[in-house]
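Q: attaching a predicted model along with its sequence, questions to come.
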Amino acid sequence: MKKALLLLSVILLIAGCASNRYTKKASKFEEAGLYEDAAEYYYQAIKKKDSNVEAKLGLRKNGQLALDRKLSDFTLAYKQADYKKAVYNYLAAEKYYNKITAVHVELDFPEYHKEYYEEAKNDYLNQKYADGLDKLNREDFSAALMVLTEIKRIDANYKDVQDLYTTAKYEPMYRDANQYLETGLYRKAYYTFETIIKGAGTYKQSVSLKDEAQEKGTITILVDDFSYTNYNYNQIAQNVTSDVKAKLSKLNNPFLRIIDPSTLSVNIFENGQMNMQAANLAGIKAILSGKIIRVSATNGRLTKENKRGYLKEVTKTKNELGEEIKKVKYIKTNYMEYKQANKASFGMEFKLISTSDNSIMVSDMISKNTSDKIHYATYSGDKKKLIPGYWKYKERKSEKDVQKDNKSDINRLQNLLKADKNIKAANTLLNEIVKKSTKEITEKVNKYNPEK
């Protein structure tokens, strides 16, 4: 709670300082007669600190001068019958007024300007409306859209501008979508109709035509049982078939539908083989099949090695002068190092075949290999004092004895002592790459687009 209050205090202090800086800048602009700039800095000062009274007084004075200037520009344009300029000058003045009053500083905006604005607006929009309607009647949709967009921006409720705007924007899309539908570009038609529906609702027959495009463009797929080159792969093949079916069924793809063979009223198999013609007549547009060609999962042997090293004992003592010195003693010892590597390998091929002409729509060969390894050390004594090295005889010295008392070798050994001792079983590794393979199949089928 104290931290939150302190943070709030700091934020308020920073905001207060910024507000004061803006106020000082505003005063300088005001002294120079640049009231619009002064008003902007007073406005920023209030945004930083709402309780800045000096800034509010300054904004009321200079903001009113700025507003009066904008209203004067509006009045001049109105008197000169330049109604377009009058409309935009008034809207600019109104926007400025709303901006200033939003920070609780009141300005005077005489009501009679509103009456002049309505007159100028009606005259200007009548001209624009006639121009937009003419362009729409000539089917110059892009030009009409520009005109109608401007009218909507000024007055969204002007006459039937919303309906005309909808026609100008979506009629070209609607015609394109119908053309796509007629030429067999069903997916393109579907997504174009979808855009129209999102923007214009039930524009003409967009909803029913979208449904028609989806129905005609949908690929109904039967997933055949994946085969295998070795009977030992039978269970893996079943798992792959099941997983592919499940993943395809969960896809959010409006143009893919998985067929359950049990729902068919006709037999599509002949002598144990798929009858493509019968499948096509049954409403199946494609058959997804595959073959498992390689499965391997090997758990490696855990090897262990008795390693020779030293315990590094450091003691402190004092010499004849009373100075503290360190003495290092290396005690020969043993520790164990362990290694193991588990591996898995998987290979398969798959293809999506059209039932209408036996053409291959999607096909690929998948090959994956993976492994997991462990390499660690154990020691029953004080691990922090253990350093690597070599010694020939435990009870006596040898010229071959060596202590690897350096940072690099010690860090390597310490990392082995802290290393993970867990390893993934080969079957776990195999399941992982099988899952990745079925995901890959699903993604490739999902991305298939006959219109590209």
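A: Yep, that arrived.

Q: how about the contacts made by Val240?
A: By C-beta atoms under 8 Å, 6 or more residues apart in numbering, Val240 lies in contact with Phe226, Gly290, Ile292, Met348, Val434, Ser437, Thr438. Backbone N, C-alpha and C define where each C-beta goes, glycine included.

Q: ditto for Glu54
A: Glu54 sits next to Thr23 when contact means C-beta under 8 Å, 6+ apart.

Q: now the one 5 residues further on
A: Listed by C-beta under 8 Å, 6+ apart, the contact set of Leu59 reads Ala39, Tyr42, Tyr43, Ile46, Ile100, Val103, Val105.

Q: which SS class is Lys326?
A: Under DSSP: H, G, I helix; E, B strand; the rest coil, Lys326 falls in the strand class.

Q: who's it bridged to?
A: Following DSSP bridges, Lys326 is listed with bridge partners Lys316.

Q: distance of it from Ser354?
A: For Lys326, the distance to Ser354 (C-beta to C-beta, to the nearest Å) stands at 82 Å.

Q: same check, this time on Ala213
A: Taking C-beta to C-beta as the measure, Ala213 falls 20 Å from Ser354.

Q: which of those two has more neighbours?
A: Ala213 (26 against 16; other C-beta atoms under 10 Å).

Q: how about the secondary structure of the more buried one?
A: helix.

Q: on that earlier part again, for the contacts of Val240, pick the one with the most neighbours.
A: Result: Met348 is most packed of those (other C-beta under 10 Å), 28 neighbours.

Q: ok but that residue is inside a strand, no?
A: Yes. Using three-state DSSP, the assignment for Met348 is a strand.

Q: contacts only, for it.
A: For Met348, counting by C-beta under 8 Å, 6+ apart, the contacting residues are Phe226, Val240, Gly290, Lys291, Ile292, Ile293, Arg294, Met365, Ile366, Ser437.

Q: quick one: whichever helix or strand the last one is part of to chain centroid distance?
A: Secondary structure here is read from DSSP states H and E; on that basis Ser437 sits in helix 426-447. The chain centre lies 23 Å from the centre of helix 426-447; the measure is C-alpha atoms, centre = their mean, to the nearest Å.

Q: just give me the residue right at the centre of this structure.
A: Asn252 (16.9 Å; C-alpha atoms, centre = their mean).

Q: SS state for that residue?
A: Of the three states, Asn252 takes coil under three-state DSSP.

Q: what's it sitting at in phi/psi?
A: phi -90, psi 60 (degrees, to the nearest 10).

Q: distance of it relative to Gly300?
A: In terms of C-beta to C-beta, Asn252 sits 42 Å off from Gly300.

Q: how about Lys452?
A: 46 Å.

Q: between the contacts of Met348, which is closest to Ile219?
A: Checking the contacts of Met348 against Ile219 with C-beta to C-beta, the nearest one is Gly290 at 17.1 Å.

Q: so that closest one sits against Lys351, correct?
A: Yes. Using C-beta atoms under 8 Å, Gly290 makes contact with Lys351 at a distance of 7.3 Å.

Q: buried residues in stretch 338-346?
A: Residues of stretch 338-346 classed as buried by neighbour count (16 or more other C-beta atoms under 10 Å): Tyr338, Gln340, Ala341, Asn342, Lys343, Ala344, Ser345, Phe346.

Q: mind checking which of those residues land in strands?
A: Under the assignment DSSP state E, the buried residues of stretch 338-346 contribute Tyr338, Gln340, Ala341, Asn342, Lys343, Ala344, Ser345, Phe346 to strands.

Q: where's the residue nearest to the first one when sequence neighbours are not counted, which helix or strand?
A: Nearest residue to Tyr338 in three dimensions, chain neighbours excluded: Lys304, at 5.0 Å (C-beta to C-beta, 6 or more residues apart in numbering). Taking DSSP H and E as the criterion, Lys304 maps to strand 303-318.

Q: show me what whichever strand or helix holds Leu416 is packed against.
A: Leu416 is part of helix 407-418 when elements are defined by DSSP H and E. For helix 407-418, the packing partners by 3 or more C-beta pairs under 8 Å, 6 or more residues apart in numbering; DSSP states H and E come out as strand 360-378, strand 386-390.

Q: ok, now how distant is the residue of the chain positioned farthest from its centre from Lys327?
A: The centre of the chain is farthest from one residue, Glu320, which by C-alpha atoms, centre = their mean lies 71.9 Å away. To Lys327, Glu320 is 15 Å away according to C-beta to C-beta.

Q: repeat for Ala102
A: Distance from Ala102 to Lys327, by C-beta to C-beta: 79 Å.

Q: kindly report the same for His375.
A: Distance from His375 to Lys327, counting by C-beta to C-beta: 34 Å.

Q: pick out whichever of those two has more residues nearby.
A: Taking other C-beta under 10 Å, His375 and Lys327 do not tie; His375 has more neighbours (15 against 9).

Q: isn't Ala177 up against Ile196?
A: Yes. Using C-beta under 8 Å, Ala177 is in contact with Ile196, at 6.9 Å.

Q: what's the overlap in contacts for the two?
A: Ser206.

Q: show me where the chain has its helices.
A: With helices called from DSSP state H, the chain shows them at 2-31, 35-48, 53-79, 83-101, 112-137, 141-154, 161-182, 186-200, 206-217, 234-249, 276-281, 407-418, 426-447.

Q: how about stretch 147-166: buried residues?
A: Buried, per 16+ other C-beta under 10 Å, within stretch 147-166: Val147, Leu148, Glu150, Ile151, Ile154, Tyr158, Val161, Leu164, Tyr165, Thr166.
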